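# Quick one: sequence and predicted model below, then my questions.
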Amino acid sequence: MSHIPAISPIRYRTAPETLPPVAVFDLDGTLVDTAPDLAASLNHCLDRAGLPPVALEDVRPHAGHGARAMIEHAFAQAGRPLAEAEMGRQIERFLRYYEAHIADLSRLFPGAVALLDRMEAAGFRLAVCTNKTQALSEGLLRAFGLAGRFSAICGADTFHRRKPDPVHLLGTIENAGGGVAGSVMIGDTRTDVDAAFAAGIPSVLVDFGYCADDATKAAARLVISSFDALDAAAVHRLSRSAVESG
Ligand SMILES: O=C(O)COP(=O)(O)O
Ligand SMILES: [Mg+2]
């Protein structure tokens, strides 16, 4: 995979305000409910290891933290904590299975496409900033016929840093051909809220994803329970109040 050179956050603070704003979306737990296919991949690993499967609802809270975290937790819970070398093999097995079944059970959250339509019609570029790998993210979005909607799809391995590091989010905005001014990050975990804060853009937290705890809700600029509750006017209000409060 080609690696895009590191970028400096400082450049964005002086970027011209004429660049279009970007609606940046997290992927797992925000645009797509990926937990069912992630759980199936985890259960494939557990089954091969002779362990019983875990229920989807037990996997869901860990689904936003990547394969390693899910595997580590499930094997520890089953009383079989993994040594590092074995962990590497399990991650490979997990990812092989997941790649082949990436959109078998996963579904877009209700209202996702309508929100993309609204934001685009209001002059926003669309982008994805996810801690999934770039290739898996592109594959997942292609499966839903959505890859072409995004001006940039940037994964955990696109830059030299990943969320919550602002380099990942700022790089996504730059790759989308947009500017920081007026842009917004829409996500489901603390990682997304912290990345937005560090990049100096407002965060919108969806509470239907994987890890919207109370502290994360308090840290987000806006919490929504449905994509229907979000539009460009709401994002403009968040951006304006950020500018006014300095
Ligand atoms: O795969 C992960 O680690 C989380 O992915 P996300 O950033 O799209 O929520
Ligand atoms: Mg997420």
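Yep, that arrived. Numbering: from 1, shown residues only. Ligands and ions are numbered 1, 2, ... in the order given.

# Could you find the closest non-adjacent residue to residue 126?
Once flanking residues are discounted, residue 126 sits nearest to residue 150: 5.0 Å by C-beta to C-beta, 6 or more residues apart in numbering. In short, each C-beta sits where N, CA and C put it, glycine included.

# Return the distance of the one you found relative to residue 114.
From residue 150 across to residue 114, the span is 16 Å (C-beta to C-beta, to the nearest Å).

# Which one's more surrounded, these two?
When residue 150 and residue 114 are compared for neighbours, residue 150 comes out ahead with 24 against 12, by other C-beta atoms under 10 Å.

# Can you check the pLDDT for residue 52?
The pLDDT attached to residue 52 in the predicted structure is 97.

# Spatially central, which residue of this structure would that be?
Residue closest to the average C-alpha location in the chain (C-alpha atoms, centre = their mean): residue 26, at 2.6 Å.

# pLDDT at that residue, what is it?
Reported pLDDT for residue 26: 98.

# Can you report phi and psi for it?
When read as degrees, to the nearest 10, the backbone of residue 26 gives phi -70, psi 160.

# Ok, the one 3 residues further on next?
Geometry field for residue 29 lists phi and psi as phi 80, psi 0, criterion degrees, to the nearest 10.

# Under the pLDDT cut-off, which ranges of the protein? List them.
1-17, 243, 245-246 (pLDDT under 70).

# Relative to the centre of it, find the outermost residue for me.
Distance from the C-alpha centroid of the chain, by C-alpha atoms, centre = their mean, peaks at residue 50 (31.7 Å).

# On the three-state scheme, it is what?
State at residue 50, reduced to three classes by DSSP: H, G, I helix; E, B strand; the rest coil: coil.

# Contact residues of the protein facing ligand 2?
Residues of the chain that fall close to ligand 2, judged by C-beta under 5 Å from the ion: 26, 28-29, 64, 188.

# Tell me the one among those residues nearest to residue 197.
residue 26 (14.3 Å; C-beta to C-beta).

# Quick check, that closest one in contact with residue 193.
No. If you go by C-beta atoms under 8 Å, residue 26 and residue 193 don't touch, sitting 10.1 Å apart.

# Just the closest residue of this structure to ligand 2, please.
The minimum distance from the chain to ligand 2, using C-beta to the ion, falls at residue 29 (3.8 Å).

# From residue 220, how far off is that residue?
With C-beta to C-beta as the criterion, residue 29 and residue 220 are 14 Å apart.

# before we move on, the earlier item: hang on, the residue nearest to residue 126 packs against residue 140?
No. Between residue 150 and residue 140 there is no contact, the gap being 11.6 Å when judged by C-beta under 8 Å.

# okay, how far is it across stretch 116-132, tip to tip?
One end of stretch 116-132 sits 20 Å from the other (C-alpha to C-alpha, to the nearest Å).

# Please point out which parts of that stretch sit buried.
116, 118-119, 124-132 (16 or more other C-beta atoms under 10 Å).

# cool, stretch 222-232 as well?
222-224, 227, 230, 232.

# For residue 99, state which of these is nearest.
The shortest approach to residue 99 among the buried residues of stretch 222-232 belongs to residue 227, at 27.2 Å (C-beta to C-beta).
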